[in-house]
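Enquirer: need coordinates for the following:
(chains A and B)
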Number of protein chains: 2
Amino acid sequence: MISLPELSAALRSGALSPVEHVRDTCERLAADTHNAVVLLDTDRALADAAARADELARGEWRGPLHGVAVGVKDLFDVAGLPTRAGSDVLADAPPATVDAAAVTRLRAAGAVVVAKLHTHEFAYGPTGDVSASGPARNPHDPTRITGGSSSGSAATVAAGHLALTLGTDTGASVRTPAALCGVVGLKPAYGRLPVEGAFPLSETCDHVGLLTADVDGAALAWDALTGTGTPAVTTRVGVLVDDYWRAVDPALTAAVDAAVARLRADGVAVVEIRTPMIDELAAAYPVIVGAEAYATHARWFEDRPEAYQPATRVRLEPNRDLPAHVYVEALRTRRRLVAEFRAAVDGVDALVLPTTRLRATPIGQEDVDGVAVRPALLALTLPFNLTGWPAVSVPGTTEGLPAGVQVVGVALDERGVLALAARLA
Amino acid sequence: MISLPELSAALRSGALSPVEHVRDTCERLAADTHNAVVLLDTDRALADAAARADELARGEWRGPLHGVAVGVKDLFDVAGLPTRAGSDVLADAPPATVDAAAVTRLRAAGAVVVAKLHTHEFAYGPTGDVSASGPARNPHDPTRITGGSSSGSAATVAAGHLALTLGTDTGASVRTPAALCGVVGLKPAYGRLPVEGAFPLSETCDHVGLLTADVDGAALAWDALTGTGTPAVTTRVGVLVDDYWRAVDPALTAAVDAAVARLRADGVAVVEIRTPMIDELAAAYPVIVGAEAYATHARWFEDRPEAYQPATRVRLEPNRDLPAHVYVEALRTRRRLVAEFRAAVDGVDALVLPTTRLRATPIGQEDVDGVAVRPALLALTLPFNLTGWPAVSVPGTTEGLPAGVQVVGVALDERGVLALAARLA
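Expert: Residues are numbered from 1 along each chain as shown, chains lettered A, B, ... in the order given. The predicted structure is shown next:
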């Protein structure tokens, strides 16, 4: 994989030119075997790289992303390219005229957008195997899923094609593919990166996030995009002990236990926390996202349901007749139980837990040994879309398939969460 | 009517004792002929008055509300009294155990809560003639409505019983009864006074507000409850010229014209503003409030619909099957069109317009000369529940029945709005 800090330093020093780097990246992406790339914009990317190279030659440096090739999930508008969101519904979408706000920020920071990446159809699923272009494939085992919905954003980093990609996370969609592909995925606090120009799934749960090979890369990209400063120091973390939070795959439990042991050895206090409200809080999630997603799709779905992948159709359909008062009640439940959740974790800086209950499962398989895959890939991440707290998934120590360890900020901001995550490895 | 600043001064100087004032107020309220009072708490009020008197004797003064008798709409919890919200559904409600947050603030400021006041059933209507205890009656003509839903809060001020009352305003409910009863009604900006402990109608539109006899009284009460300071000076107001904003009753148009002429003479620039989005924005209102209201009532409504007044039942019922995606879309429309509305009024400090399209209509009459009463009493106020901007209704110059002139803050806060309203008279 490509370490963003190392790549950034090479570009800055001149050891690597932006044009050479971008050309090489485009070649790698063109040869990708994980079905991770949906659109490669080589011409524009090479022109942008040349412009960044000219700036460097004049001594102008935009910061650590200067000249760095990046890919964005095909949910973000990129001017001149269509946004298809993994769906045949948008097969004939015209080119976007304006960049999404997060893409604008990437470019302003010097990054070169080279490709649009595979997404689970309309970002409505955590597996990455439901898309108009077929399933994305996990670089650790191409018969297995990448996780989703930012499937291509995780796979291209894991495959060593890109040092930085942009994703979105409504319930799992940055952290889960990061976990399953063995990369770092940061979901910032709600609203911290702009969602404008990213195709919406759920306006009250959507977050824009970043994927990188390592934690230092995520911190570098975060600072470059937001100008944020020094992290707070963590002295006290919580582990969640109710059944809800338990992983199914023992490798995940082992990875979290190892991470927590490392923090303890490092002098961090570890406290056990009970969250009796978690089942009821989690039950509000599909109601909220379902109602908001259906509102976006209502017209298309009624006009041509057959344009959706069957798995997406099955998820959208029950929301057609969901009563408004049930949705309003779910929002009230969310506010009430998020307050209870916050009270339950009061006093710790952060939480450490598995990102998922299973590691990458075989493509197309809906359950594994009686465990339903979809909820197993959503349950441990979605609570932090409801709370809006910053959370990162980092690769845990494990044999074989990657296991994601999740660090969630309670008192910490994104930089604090990343600083804590850096201490786990 | 009782001027709050004069009453406050008399209480402070000792010219009037709190006990004497509260006793006299309770006697007046007991003899009220407008069906404005639903619960009179004389014993507790006299004990509180005695406590306030003792404080004064010790030289302790809590501020301008010290010892002032106040009434609150029977939508606010008052510890020890049931909250019935004008409904047989709550006929057996137990006494509240905790004061509503706004009531706590009133008491902390020295006010003495003497009574709970008539409300349109569950605050779901702008007329004030739909309630378990029958219609409230307008002090200017007891055969006519008070307006609602803060019917008793307006009528008791207009009748000269109280100098200050608390109401709520979800679409009209402080400003419209103030307008129809010829008193001042302030709806602060969204969230400025706390809604906790007030029975909800619509969490995204509910505002707590104040009613007084005069603008100075509203300013004095506002400062006492919020500690806010000096108002900005207004130099530029807007008048809204699309058909939507036109009053039906020419007395209302005349009252606004007179107010605007006074401002012009006073050196204020007046600009005409077009708001082409207003019909679509207003159409989102019943969807939003309907969904949120039904969510609160769902269980009761399904168990015993007959406990509701027929007029309330008719309004709640269609929301049972309202689809969630239609509500979500209404919220999106609201956000988009509020932004357009804000852009349309950019550059003015405030708007001046009628509060209602009709003056007080006969009790029980649903339309007057072919004009439907309910929308005529809601249309000009509800846009500012959707925007959340501060707005006040003040009595305009008129013959006969009162006509309300509404001042809405665009760049102004509540104190600015009140200062501008003071210049209209």
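
Enquirer: is A:A178 located within a helix, as I assumed?
Expert: Yes: according to DSSP: H, G, I helix; E, B strand; the rest coil, A:A178 belongs to a helix.

Enquirer: ok, and the closest non-adjacent residue to it?
Expert: Using CB to CB, 6 or more residues apart in numbering or on different chains and skipping residues adjacent in sequence, the residue nearest A:A178 is A:G185, 2.7 Å away. In short, each C-beta sits where N, CA and C put it, glycine included.

Enquirer: what residues are up against the one residue sitting closest to the centre of chain A?
Expert: The centroid of chain A falls nearest to A:V174 when counting by CA atoms, centre = their mean (1.2 Å). Contacts for A:V174 were tallied using CB atoms under 8 Å, 6 or more residues apart in numbering or on different chains; they are A:S150, A:S153, A:G167, A:T168, A:G185, A:L186, A:K187, A:H207, A:G209, A:L210, A:L211, A:S393.

Enquirer: and for A:A108?
Expert: A:R62.

Enquirer: how close does it sit to B:P390?
Expert: 37 Å (CB to CB, to the nearest Å).

Enquirer: close to chain B: what parts of the stretch 301-425 of chain A are there?
Expert: Contacts of the stretch 301-425 of chain A with chain B, taken as CB under 8 Å from any CB of the partner chain, map to A:N319, A:R320, A:D321, A:L322, A:P323, A:A324, A:H325, A:V326, A:Y327, A:V328, A:E329, A:R332.

Enquirer: need the buried ones from those residues selected in PyMOL.
Expert: The buried residues among those can be selected in PyMOL (16 or more other CB atoms under 10 Å in any protein chain shown) with this line:
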select buried, chain A and resi 319+322+323+324+325+326+327+328+329+332
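
Enquirer: redo the residues of the stretch 301-425 of chain A next to chain B as CSV? Include pLDDT and secondary structure.
Expert: Converted to CSV, those look like this (pLDDT from 0 to 100; DSSP: H, G, I helix; E, B strand; the rest coil):
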residue, pLDDT, secondary structure
A:N319, 97, helix
A:R320, 96, coil
A:D321, 95, coil
A:L322, 98, coil
A:P323, 98, strand
A:A324, 98, helix
A:H325, 98, helix
A:V326, 98, helix
A:Y327, 98, helix
A:V328, 98, helix
A:E329, 98, helix
A:R332, 98, helix
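
Enquirer: closest to A:A123 among the residues of the stretch 301-425 of chain A next to chain B?
Expert: Distance to A:A123, by CB to CB, is smallest for A:N319 among these, at 15.2 Å.

Enquirer: who are the contact partners of that closest one?
Expert: A:G290, A:A291, A:A293, A:Y294, B:A324, B:H325.

Enquirer: spatially nearest residue to the first one, not counting backbone neighbours?
Expert: Going back to what we said before, that points to A:G290. Setting aside the residues directly before and after it, A:G290 is nearest to A:N319 in space (CB to CB, 6+ apart), at 3.9 Å.

Enquirer: likewise for the fourth one?
Expert: Nearest non-adjacent residue to A:Y294, counting by CB to CB, 6+ apart: A:N319, 3.7 Å away.

Enquirer: wait, A:F384 sits on A:K187?
Expert: Yes: A:F384 is within contact range of A:K187, at 7.0 Å (criterion: CB atoms under 8 Å).

Enquirer: neighbour count winner among the two?
Expert: The neighbour count for A:F384 versus A:K187, taken as other CB atoms under 10 Å in any protein chain shown, is higher for A:K187 (34 against 26).

Enquirer: which residue ranges of chain A form strands?
Expert: A:37-40, A:69-73, A:112-117, A:164-169, A:184-187, A:207-212, A:236-240, A:269-273, A:350-354, A:367-368, A:371-372, A:391-395, A:404-409 (DSSP state E).

Enquirer: ok, A:E20 - how many residues close by?
Expert: 13.

Enquirer: circling back: now distance to A:D74 too, for the contacts of A:N319, in TSV please.
Expert: Formatted as TSV, those follow (distance: CB to CB, whole Å):
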residue	distance to A:D74
A:G290	23
A:A291	24
A:A293	17
A:Y294	21
B:A324	27
B:H325	24
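
Enquirer: distance of A:A69 from A:R137?
Expert: Between A:A69 and A:R137 the computed distance is 21 Å (CB to CB).

Enquirer: which of the two has more residues huddled nearby?
Expert: Ranked by neighbour count (other CB under 10 Å), A:A69 and A:R137 place A:A69 first, with 30 against 25.

Enquirer: that one is in contact with A:L162, isn't it?
Expert: Yes: using CB under 8 Å, A:A69 is in contact with A:L162, at 6.3 Å.

Enquirer: what touches both of the two?
Expert: Common neighbours of A:A69 and A:L162, counting by CB under 8 Å, 6+ apart, are A:T25, A:V114.

Enquirer: returning to that earlier point: deepest of the strands of chain A, which one?
Expert: strand A:184-187 (a mean of 33; mean count of other CB atoms under 10 Å in any protein chain shown).

Enquirer: so which elements touch it?
Expert: Under the contact criterion of 3 or more CB pairs under 8 Å, 6 or more residues apart in numbering or on different chains; DSSP states H and E, strand A:184-187 touches strand A:164-169, helix A:175-181, strand A:207-212, helix A:215-226, strand A:391-395, helix A:414-422.

Enquirer: residues in contact with it: which ones?
Expert: The contact list for strand A:184-187 (CB under 8 Å, 6+ apart) reads A:150, A:154, A:167, A:169, A:174-179, A:207, A:209-215, A:217-218, A:222, A:381, A:384-385, A:390-395, A:404, A:414, A:417-418, A:421.

Enquirer: just checking: what are the partner strands of that strand?
Expert: According to DSSP bridges, strand A:184-187 forms sheet pairs with strand A:207-212 (antiparallel), strand A:391-395 (antiparallel).

Enquirer: what mean pLDDT does that strand have?
Expert: Mean pLDDT, computed over strand A:184-187, is 98.

Enquirer: chain center to it: distance?
Expert: 6 Å (CA atoms, centre = their mean, to the nearest Å).

Enquirer: same question, stretch A:221-229
Expert: Distance of stretch A:221-229 from the chain centroid (CA atoms, centre = their mean) equals 17 Å.

Enquirer: buried residues, it. List them.
Expert: A:A221, A:W222, A:D223, A:A224, A:L225, A:T226.

Enquirer: I'd like the average pLDDT over stretch A:280-291.
Expert: 98.

Enquirer: what does stretch A:202-216 give?
Expert: In this model, stretch A:202-216 carries a mean pLDDT of 98.

Enquirer: before we move on, what about stretch A:341-352?
Expert: For stretch A:341-352, mean pLDDT rounds to 98.

Enquirer: now do that stretch: distance from first to last residue.
Expert: 15 Å (CA to CA, to the nearest Å).

Enquirer: that one: which residues count as buried?
Expert: A:F341, A:A344, A:V345, A:V348, A:D349, A:A350, A:L351, A:V352.

Enquirer: who's in contact with that stretch?
Expert: Under CB under 8 Å, 6+ apart, the answer for stretch A:341-352 is A:232, A:234-240, A:256, A:259-260, A:263, A:271, A:273-278, A:281, A:383, A:387, A:405-412, A:416-417, A:420, A:424.

Enquirer: how about 7 Å then?
Expert: A:234-240, A:256, A:259-260, A:271, A:273-275, A:277, A:281, A:387, A:405, A:407-412, A:417, A:420 (CB atoms under 7 Å, 6 or more residues apart in numbering or on different chains).

Enquirer: and chain A, what are its domains?
Expert: A:4-226, A:236-278+A:328-422 (automatic domain parsing).

Enquirer: hey, which of these is tucked in deepest?
Expert: Comparing these by mean neighbour count (mean count of other CB under 10 Å), domain A:4-226 comes out on top with a mean of 24.

Enquirer: that one: how far from the chain's middle?
Expert: 10 Å.

Enquirer: show me the contacts for the residue in the stretch 101-250 of chain A positioned nearest to chain B.
Expert: In the stretch 101-250 of chain A, the residue that lies nearest chain B is A:E203 (7.6 Å; CB to the nearest CB). Neighbouring residues of A:E203 by CB under 7 Å, 6+ apart: A:E292.
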